[in-house]
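> what follows is a protein structure lacking sequence information:
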Ligand SMILES: Nc1ncnc2c1ncn2[C@@H]1O[C@H](COP(=O)(O)OP(=O)(O)OP(=O)(O)O)[C@@H](O)[C@H]1O
Ligand SMILES: [Mg+2]
């Protein structure tokens, strides 16, 4: 009997030690997860701010090269002011997301938002022989966190532009209302994606964009599409891709339609 009691006592002790160890590991895991989230947020902020700052620097340089051109200076200052404000909004939205505060979804006019994205990109597509065709009904709306949906479009449009650089082509943006969702398609006639790469493009750090030593903004970090997917997932939507090497790429986003109730 004594040996049984002894055995039970030692089992209890062992269980207690294991629980303590388990609690400690859980605590460490929690901390590691917050650190990982912080890392993702930092990368996202850096990535998106970079998207917004590149045109600011380009415009400012251009204005400095033409000191007498008052109109150009005005245009450059407008870009600087607008994109800096956007950058602040991007940071605020992301910081509030990491601290657990959800950003507010709003009713957004898609056509207006796409126009705004092109304004923020501040790149002359026609200079690169890229024709942009936008077919979106002015009344078409979606419910989304504005700054996040803009990030998605900005990343997809920058990718499409890069895929067509050199040769030129067509960037086609369409959106339609279906019974229960809004379908958005962003199609380019650029380089396309090799079939073996198609499954990898949403993975972190997958990139085929080489950096050009003469252009500090040319290299890719392979994060843009990861962020797009995270944002669309957060909106309970879906993003998919269809591509033929040499012919072009089409990204399709579907977002749930605003219901009558949350449409107010
Ligand atoms: N429209 C497209 N046409 C051709 N390839 C594309 C297109 N969009 C994405 N890709 C491929 O997917 C890869 C990953 O895209 P993603 O946007 O995640 O990263 P990136 O553009 O390389 O870098 P980053 O966006 O971080 O600056 C690209 O490097 C490219 O190979
Ligand atoms: Mg990209």
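That came in fine, so what should we check first? Keep in mind that what you see is a predicted model, and the values were worked out from it rather than measured. Ligands and ions are numbered 1, 2, ... in the order given.
> tell me which strands the helix or strand containing residue 186 pairs with, and in which orientation.
Using DSSP states H and E, residue 186 falls within strand 181-188. Strand 181-188 has its sheet partners listed here by DSSP bridges as strand 169-177 (antiparallel), strand 248-256 (antiparallel).
> so, in contact with ligand 1 or not, the first one?
Meaning strand 169-177. No. Judged by CB under 6 Å from any ligand atom, strand 169-177 stays clear of ligand 1, getting no closer than 9.3 Å. C-beta: built from backbone N, CA, C; applies to glycine.
> residues near residue 254, how many?
19 (other CB atoms under 10 Å).
> which bits of the protein sit near ligand 1?
Checking the chain against ligand 1 by CB under 6 Å from any ligand atom, the hits are 47, 155, 159-160, 163, 188, 190-193, 201, 206-209, 220-226, 249.
> taking the residues you listed one by one, which sit in strands?
Residues of those located in strands (DSSP state E): 188, 249.
> among the residues of the chain next to ligand 1, name the ones in helices.
47, 155, 159-160, 163, 224-226 (DSSP state H).
> which of those residues ranks first by neighbour count?
Most crowded among these, counting by other CB under 10 Å, is residue 160 at 26 neighbours.
> pretty sure that one sits against residue 249.
Yes. Counting by CB atoms under 8 Å, residue 160 does reach residue 249; the two are 7.1 Å apart.
> any shared contact partners between these two?
187-188, 190 (CB atoms under 8 Å, 6 or more residues apart in numbering).
> please list which of those residues are also close to ligand 2.
Contacts with ligand 2 are made by none of these, judged by CB under 5 Å from the ion.
> can I get those residues in TSV with pLDDT, distance to residue 230 and neighbour count?
Output for the shared contacts of residue 160 and residue 249, formatted as TSV (pLDDT from 0 to 100; distance: CB to CB, whole Å; neighbours: other CB atoms under 10 Å):
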residue	pLDDT	distance to residue 230	neighbour count
187	98	22	19
188	98	22	26
190	97	24	25
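> of the residues you listed, closest to residue 240?
Nearest to residue 240, judged by CB to CB, of the shared contacts of residue 160 and residue 249 is residue 187 at 12.6 Å.
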